[in-house]
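> here is the input, now give the coordinates:
(chains A and B)
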Amino acid sequence: MSSPHSPAAVSNFIRTIIDGDLASGLHKSIVTRFPPEPNGYLHVGHAKSICLNFGLAQDYQGKCNLRFDDTNPEKESEEYALSIQEDVRWLGFQWDGEVHWASDYFDDLYAFAVELINKGLAYVDDLTPEEMREYRGTLTQAGRNSPYRDRIVSENLDLFARMKAGEYADGAKVLRAKIDMASPNINMRDPAIYRIRRAHHIRTGDKWCIYPMYDYTHCISDALEGITHSICTLEFEDHRPLYDWVLDNLSIACHPRQYEFSRLELHYTITSKRKLLQLVNANLVNGWDDPRMPTISGMRRRGYTPEGIREFSKRIGVSRSGNSVDMAIMEGAIREDLEARAPRVVAVINPLKVTITNFEGASTREADFHPNHPEFGKRFVAISSALVIEADDFAEAPPSGWKRLTLGGEVRLRHSYVMRCDEAVKDENGKVIELRCSIDHATLGKNPEGRKVKGVIHFLSCEHALPAEIRLYDRLFTVAEPDADKEVDFCTYLNPDSLTVVQGWVEAAVQDAAPETHYQFERLGYFCTDRRDHQPGGKLVFNRTVTLKDSWTKEAGSL
RNA sequence: UGGGGAGUCGCCAAGUGGUAAGGCAACGGGUUUUGAUCCCGUCAUUCGUAGGUUCGAUCCCUACCUCCUCAGCCA
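The predicted structure is shown next:
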């Protein structure tokens, strides 16, 4: 049974649960949340979560909050918080009301901790981190109770108040939930819920020197916001009993339910914030928004569109099984979106000079910006006796199946004449440096008579073309799962050819394009003017978003 | 070897006691002044393995195998 609100949506276990909750009357409407810690830039894995949480809220006409899980001030910054908001909006989503922060609840959180102490369910522990680890036991051995576990309520109350007041050094004491040191679930072995840390917080400044831990904070934040379905990734599954324990033992009426789905693994890239940070810090990429990065800002700069990323998210679905998604799914989704929206223009990225020896009397015509969308308009296709074509479009000794230019052969110049190659001029090393060709004047806008010309190649008139910097991006890693082997540093799989910068030529129609304008360079791929470096009317910089599907290279490669 | 999960086409992913959706990819064909797009067609007698229950099992039961995950005063 799929959602009545969105019959087109693919069924998944979370929608099934929501449908059930709505049908049973448990909830009248749903409230979800996207809860990032502002400690880094969002990546494609977050995009999946964003599309899931905000998408569910949209489909079921519910609400979705944006909440920053800002409980570890040492790692968090305003820059990250701002970028996250920008990324969520760019993806096309708007959170309900104001942005929420876990730090908004610090006073409540403190009061609830006191409640736990009063109920004999939390205690102040003096064990050092090392001792705590020893007492915790192992996966197969039960832990032991801390010698401080039986402190009386009044003492705990006093000690906790002093922790807050700053009487103890960082790390000297910690507040722990009193649960079960013998639990087979290690998260339940008296987890720390407050630690002492004198760090400047981006929102509360130096007001606090104690900070609540994630497990304790998250469930309460969810409850205070009236979240109905708290959706997170599978690694938090073991934390669910703790999530429930905290809410079950506190005087909060609301008890959201946590559901876990498997996190995204995308071929040829990594989705670990820590490793992404490593690439940035080691200057192995040019910042968080490097177009090779799987960050949302990187994908944006590369030329991926919000619609394309949302389509990708839809295509990969949501489940609890392990997965490793083909880059082809992302590329297919991006191409599908760009195919419909990107105007077609011509660029030559690996130029070979062509001289038309019988140019006299030739004329030009207009060409559509999009073959299937006349409303995109037309532009003038310049031609002259001096052209450049793609060097790859000429072969002296062509493989079988070749449809492009060869000595004595003919091709259609896209939107222009049929041209025959009469002579290949070579340098002293035998490299072809110029082609001398002639055009058939009777073929402008019509097929030649008596013969068929199969190949179509693109070209640019030298005097009309504009120089441009073209950045060709390829996959960041050379293997599908760069971090699969824990013994090998993922950086060893970095693709040395992930970025190639070339000076090429583009047609004049793109001269004044604003940054982030998408084009299809015919026969080459989709490109996007660079957000940072492209200057309309000045220095033109294009990023290759994704190539076109290419059945020829594949065929030629298998010959 | 403790706890918690997962195993359905190359990659995702529905399904659920009644005889395996869909997408991506791939392959074949058609249209095409982009080897693109578009269109048509093909693509799991089988759901990790082995047993069992049943008229009937991917779905229920049992055992086994494989993979993921947990021992931060990170999230």
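> what parts of the stretch 1-150 of chain A come near RNA strand B?
Applying CB under 7 Å from any atom of the strand, we find that the stretch 1-150 of chain A lies next to RNA strand B at A:10-13, A:16, A:37, A:69, A:71-72, A:75, A:127-129, A:132-133, A:136, A:138-140. All C-beta spots, glycine's among them, are computed from the backbone N, C-alpha and C.
> quick one: which of these sit in helices?
A:13, A:16, A:129, A:132-133, A:136 (DSSP state H).
> stretch A:459-479: end-to-end distance?
With CA to CA, to the nearest Å applied, stretch A:459-479 spans 35 Å between its terminal residues.
> typed the wrong thing, it's stretch A:282-294
End-to-end distance for stretch A:282-294: 17 Å, by CA to CA.
> any idea how far it is from the middle of the chain?
12 Å (CA atoms, centre = their mean, to the nearest Å).
> what segments of the stretch 201-350 of chain A are strands?
With DSSP state E, counting those that start in this stretch as the criterion, the stretch 201-350 of chain A has strands at A:210-212, A:229-233, A:257-261, A:344-345, A:347-348.
> make JSON lines from the ones in helices among the residues of the stretch 1-150 of chain A next to RNA strand B and add pLDDT to it.
As requested, these are exported to JSON lines (pLDDT from 0 to 100):
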{"residue": "A:13", "pLDDT": "96"}
{"residue": "A:16", "pLDDT": "96"}
{"residue": "A:129", "pLDDT": "97"}
{"residue": "A:132", "pLDDT": "98"}
{"residue": "A:133", "pLDDT": "97"}
{"residue": "A:136", "pLDDT": "97"}
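> so how far is RNA strand B from residue A:395?
In this view, residue A:395 and RNA strand B are 9 Å apart by CB to the nearest atom of the strand, to the nearest Å.
> what's the burial count for that residue?
Residue crowding around residue A:395 was assessed by other CB atoms under 10 Å; the count is 15.
> and for the one 10 residues further on?
Here the count is done by other CB under 10 Å, and residue A:405 has 26 residues near it.
> re the thing from before, and the ones in helices among the residues of the stretch 1-150 of chain A next to RNA strand B, which are buried?
A:132, A:136 (16 or more other CB atoms under 10 Å).
> quick one: buried residues of the lowest-mean-pLDDT helix or strand in chain A?
Every helix and strand in chain A was compared by mean pLDDT, DSSP states H and E; the lowest is helix A:551-557, with a mean of 86. Within helix A:551-557, no residue is scored as buried using 16+ other CB under 10 Å.
> hey, C-alpha coordinates of it in PDB?
Output of helix A:551-557 as PDB, limited to C-alpha atoms (Å, rounded to 0.1, in the frame of the first residue of the first chain):
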ATOM      1  CA  SER A 551      28.200   3.900 -27.800                       C
ATOM      2  CA  TRP A 552      31.000   4.600 -30.300                       C
ATOM      3  CA  THR A 553      34.000   4.600 -27.900                       C
ATOM      4  CA  LYS A 554      32.600   1.500 -26.400                       C
ATOM      5  CA  GLU A 555      32.300  -0.200 -29.800                       C
ATOM      6  CA  ALA A 556      35.700   1.000 -30.900                       C
ATOM      7  CA  GLY A 557      37.200  -0.100 -27.700                       C
END
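> which residue ranges of the stretch 51-200 of chain A form helices?
A:78-90, A:106-118, A:129-136, A:153-165 (DSSP state H, counting those that start in this stretch).
> quick one on the thing from earlier: now the strands of the stretch 201-350 of chain A as a markdown table including distance to RNA strand B?
Putting these into a markdown table (distance: least, CB to the nearest atom of the strand, whole Å) gives the following:
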| stretch | distance to RNA strand B |
| --- | --- |
| strand A:210-212 | 6 |
| strand A:229-233 | 8 |
| strand A:257-261 | 8 |
| strand A:344-345 | 5 |
| strand A:347-348 | 11 |
